[in-house]
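A predicted structure for the sequence below; I have some questions about it.
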Amino acid sequence: MEYISTRGRSAAASAAAAIVQGIADDGGLFVPASLPSYFPPQLAEMDYCSLAKQIFELYLSDFSAGDISQIVDEAYSPAGFPDGAVATVSLDNTEVLELWHGPTSAFKDMALQVLPRLLVKSLSKTGGDKEIIILVATSGDTGTAALEGFRDVPHTQITVFYPKQGVSAIQELQMVTTGGSNTCVIGVDGNFDDCQNGVKLIFGDKQLAAQMAARGQYFSSANSINWGRLLPQIVYYFYGYGRMVAKKKIAWGDAIDIAVPTGNFGDILAGWYAMKMGLPVHQFICASNCNNVLTDALEKGVYDRRRPFHKTISPSMDILISSNFERFIFDISGNDSAYTAAAFEQLRDEGIFTISDSLRARFAAQMRGGYADEDSCRATIKRVFEQYRYLLDPHSAVAYQVADQLRGKDAPPLLLVSTASPYKFPAAVLDALGKLPQDKGELELPAYLNQLSGMPIPPNLAVLGELPIRHQQVCAKDAMETAVIAHLGLQ
Ligand SMILES: *Cc1c(COP(=O)(O)O)cnc(C)c1O
């Protein structure tokens, strides 16, 4: 399987090269040159790891079956996923696909437990004795999941920058208690944009890159434009469908609806690829919060990021530039790289591009967009808890609510992609239930929510308060590069 750039001005690459490079030389994203067909009749009986191995083999033709098997078994081992990789819960006509049983209790673990292992194997294939320095700017979930994924992975180091005042107490503790001999966590006196700009400046420093290359070190990023992060996400759509067959919600071959709480468009795009491979899907529901740039793009054909940015109780969806939307446009345009390049260069330069009516007609029936504001998100958490005694986190609640808005009376059964444990956002969840205590700190809230709901606290969050703090460094927003240079011992 070869990988090509969405902008059409880079040479095709092997899977290993695409994973090491992350982004194509022409600024585009790597996509498979063609999508393989896959829809095995025994889907309902397959365990998660067997399914992952089969799907990885279709896409990673330069990896041996033995390598793939080892990567999958290690990534989803009971050490990181004590309850199994994925759980599903039935709420009437809806099957909730819980993707948050990994080491940091958000769905990013599904991909970030795999990416470092793919990267190390890819490095050995592309030659040389290199060391990869992963730099991450995070508003919360990506940093914690990337730290867990990369810690103690040979030939890698990881440095995470987070806004010192801009993440929740739980997210901060998850990061600063991370162990591992190759991890570094730095709080920045600034906001998430400052962190992201700082990381971009470090990536762009040619002199620093040359200095590092002389020592065999290279920067890379762990964000969701890397093909090695997208591929693992295809698997759970097939798995969720298999569970719905096993539970007799549908018969094998029936089409389902799929609702996804969306930020960078990576998760839902993996579902779209699953459909193109053969998974029977009636409709995707792309759910946003008040940062509803994707709703407008899908429903009106205008992608316009020139709008106010809202901080919400579903912070991992507070995004105005959904990088993976480029892969979607490339796909629906029939792999038209000239069209895709023009659209996304216009987005970069002018902050807007339009999708023609004829192009929109190619996906309008199968990819719907909608959004839920803060009040309706909170009301949904309350309503679902009262009806089913089941807690949704704010991101998953947005998707539940938007699915309710968009689906007709005779819509097929719904697969609801649930992306975080409610215990990662206990203040927002308790507030939605009208039960937020005024006299408790954030770290006491999980236990309180547990008393109220009876839902178990994920093991990693339950022990958080007892772990030693290992990272205490804080830097000014214009001192990030200095901090990296010092950490690498370059001076
Ligand atoms: C990252 C994240 C999302 C958004 O996923 P994308 O792939 O960026 O669309 C949704 N919910 C949670 C909890 C997340 O961490």
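Looks like it arrived, so ask away.

From now on I want contacts and neighbour counts done on CA atoms only, so please keep to that.
OK.

Report the backbone C-alpha coordinates of the helix or strand bottoming out on mean pLDDT in the chain in PDB.
Least confident helix or strand, the chain: helix 192-203 with a mean of 86, by mean pLDDT, DSSP states H and E. What follows is helix 192-203 as a C-alpha-only set of coordinates in PDB (Å, rounded to 0.1, in the frame of the first residue of the first chain):
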ATOM      1  CA  PHE A 192      -3.100  27.000  24.300                       C
ATOM      2  CA  ASP A 193      -2.400  29.200  21.300                       C
ATOM      3  CA  ASP A 194       0.800  30.400  22.900                       C
ATOM      4  CA  CYS A 195       1.900  26.800  23.400                       C
ATOM      5  CA  GLN A 196       1.000  25.800  19.900                       C
ATOM      6  CA  ASN A 197       2.800  28.800  18.400                       C
ATOM      7  CA  GLY A 198       5.800  28.100  20.500                       C
ATOM      8  CA  VAL A 199       6.000  24.500  19.300                       C
ATOM      9  CA  LYS A 200       5.600  25.700  15.700                       C
ATOM     10  CA  LEU A 201       8.500  28.100  16.100                       C
ATOM     11  CA  ILE A 202      10.700  25.300  17.400                       C
ATOM     12  CA  PHE A 203       9.700  23.000  14.500                       C
END
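
Show me what the helix or strand just after that helix is packed against.
Scanning the chain past helix 192-203 towards its C-terminal end, the next helix or strand to appear is helix 206-213 (assignment: DSSP states H and E). Applying 3 or more CA pairs under 8 Å, 6 or more residues apart in numbering; DSSP states H and E, we find helix 206-213 packed against strand 217-220.

List the strands paired with the strand it packs on, with their directions.
strand 131-137 (parallel) (DSSP bridges).

What are the contacting residues of the partner strand?
Contact partners of strand 131-137, identified using CA atoms under 8 Å, 6 or more residues apart in numbering, comprise 143, 155-162, 192, 195-196, 199, 216-223.

now that strand, how far from the centre of its chain.
A distance of 17 Å separates the centroid of the chain from that of strand 131-137, by CA atoms, centre = their mean, to the nearest Å.

and if you look at stretch 195-206?
In this view, stretch 195-206 has its centroid 22 Å away from the chain centroid, taken as CA atoms, centre = their mean.

what's in contact with it?
135-138, 161-163, 188, 208-209, 219, 477-478, 480-481.

what angle separates the least confident helix or strand of the chain from strand 131-137?
With axes from the mean of the first three to the mean of the last three CA atoms, to 10 degrees applied, the angle from helix 192-203 to strand 131-137 works out at 160 degrees.

Would you mind checking the contacts of strand 131-137 for buried ones?
A residue is treated as buried here by neighbour count (16 or more other CA atoms under 10 Å); on that basis the buried members of these are 143, 155-162, 192, 195-196, 199, 217-223.

following the longest helix along the chain, which helix or strand comes up?
If you go by DSSP state H, the chain has its longest helix at helix 227-246. Stepping forward along the backbone from helix 227-246, the first helix or strand reached (DSSP H and E) is strand 256-261.

Provide the strand pairings for that following strand, with the direction of each partner.
In the sheet containing strand 256-261, the strands it pairs with under DSSP bridges are strand 281-288 (parallel), strand 414-418 (parallel).

Quickly check: that strand near the ligand or not.
Yes - Strand 256-261 lies in contact with the ligand when judged by CA under 6 Å from any ligand atom; the contacting residues are Pro261.

just stretch 375-385 next, same as before
No - applying CA under 6 Å from any ligand atom, one finds that stretch 375-385 is not in contact with the ligand, the shortest distance being 13.4 Å.
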